[in-house]
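> got a structure for you, letters missing:
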């Protein structure tokens, strides 16, 4: 943590082994990240530790199903270390799904005041209309409705980052009109985000607040056609923060690759600096 700024990055790596083969290490080496949150890790714990190396404290929740999901929070040891960690969102149904991990940190503000921060790396189901996958997605979102206020009550600041697999508004999807009946932009899914960011739960969409009312910036692009080249994307990767933490967000950057063939994942990292 330099100059009182805490840099937190989140990215769905679409398989960490493949991501490292395609340049993720170079991206990470030049980004000065303090807390790194990954989704769709899709690798055994030993491989994760081997790839990231000894400079990181690693909290990794593997999915029971091999080659599926998996989330982690890696904390740069030279910057800080978590004081407590938890695996799971609180519903036993998801206990082996590899979709939710939490880490607590003790920080000191520039004024010398102690404060606490909880960070979550989350991977919401992609879903599929009228299938059990969509039912699981709604159950997970329902559990988030319960868990978010608990996190806010237990820590001075709380942050949920990750691939949440829902575009909240038409600003979040380039071709939104063609997707209103598809998982990821269903009105029923978007209603959860109205609650997350509305009066009921009261968290903030940091990426949107810093970008303003513009299209995107997108964080995922389909492999079909020229979606990446034409920036026909979806903004489905989030930093969701309690209001006090959102007020500390100084800048948010989507690290979109320069070209299709230089990407290390089909998602781009979302990197946010928080002032402490």
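Looks like it came in fine. Because the structure is a prediction, the values reported are computed rather than measured.
> can I assume residue 193 sits in a strand?
No. Applying DSSP: H, G, I helix; E, B strand; the rest coil, one finds residue 193 to be helix, outside a strand.
> Excluding sequence neighbours, find me the nearest residue to it.
Leaving aside its chain neighbours, residue 193 sits nearest to residue 168 (4.2 Å; criterion: CB to CB, 6 or more residues apart in numbering). Just so you know, the C-beta spots here come from the backbone N, C-alpha and C atoms, and that holds for glycine as well.
> Mind checking what secondary structure that neighbour has?
coil.
> Kindly report the same for residue 119.
Look at residue 119: counting by three-state DSSP, its state is strand.
> Please name the bridge partners of it.
Counting by DSSP bridges, residue 119 is bridged to residue 103, residue 159.
> Test my guess that it contacts residue 73.
Yes. With contact defined as CB atoms under 8 Å, residue 119 counts as touching residue 73 (6.0 Å).
> For those two, indicate the residue with more neighbours.
Neighbour comparison, residue 119 and residue 73: the larger count goes to residue 119, with 29 against 25 (by other CB atoms under 10 Å).
> Identify the residues contacting the longest helix anywhere in the chain?
Ordering each helix of the chain by length in residues (DSSP state H) puts helix 132-154 first. Outside helix 132-154, the residues that touch it by CB atoms under 8 Å, 6 or more residues apart in numbering are 89-91, 93-94, 99, 102, 118, 120, 122, 124-128, 158, 160, 165, 183, 188-189, 192, 195-196, 201-203, 240, 242.
> The most centrally placed residue in the chain: which element?
Per CA atoms, centre = their mean, the C-alpha nearest to the average position across the chain is that of residue 162, at 1.3 Å. Per DSSP states H and E, residue 162 falls inside strand 157-163.
> Need the three-state assignment for the closest residue to residue 268 other than its chain neighbours.
Once flanking residues are discounted, residue 268 sits nearest to residue 256: 4.6 Å by CB to CB, 6+ apart. Classification of residue 256 using three-state DSSP returns coil.
> got the angle between the strand holding residue 162 and helix 132-154?
Between strand 157-163 and helix 132-154, the angle comes out at 160 degrees (axes from the mean of the first three to the mean of the last three CA atoms, to 10 degrees).
> How far off centre is the longest helix of the chain?
Relative to the centre of its chain, helix 132-154 is centred 15 Å away, using CA atoms, centre = their mean, to the nearest Å.
> Spit out the contact partners of the residue nearest to residue 268.
When contacts are counted by CB under 8 Å, 6+ apart, residue 256 touches 217-218, 268.
> Report the beta-bridge partners for the residue nearest to residue 48 when sequence neighbours are not counted.
Closest residue to residue 48 apart from its sequence neighbours, by CB to CB, 6+ apart: residue 60 at 5.3 Å. Note on residue 60: beta-bridge partners residue 72, judged by DSSP bridges.
> OK, contacts around residue 60?
Neighbour list for residue 60: 41, 45, 48, 70-72, 101 [criterion: CB under 8 Å, 6+ apart].
> one step back: who touches both of residue 119 and residue 73?
Common contacts of residue 119 and residue 73 (CB under 8 Å, 6+ apart): 35, 37, 102-103.
> just so I have it, where are all the strands in the stretch 151-276 of the chain?
In the stretch 151-276 of the chain, the strands defined using DSSP state E, counting those that start in this stretch lie at 157-163, 204-205, 220-221, 233-234, 237-241, 249-254, 270-275.
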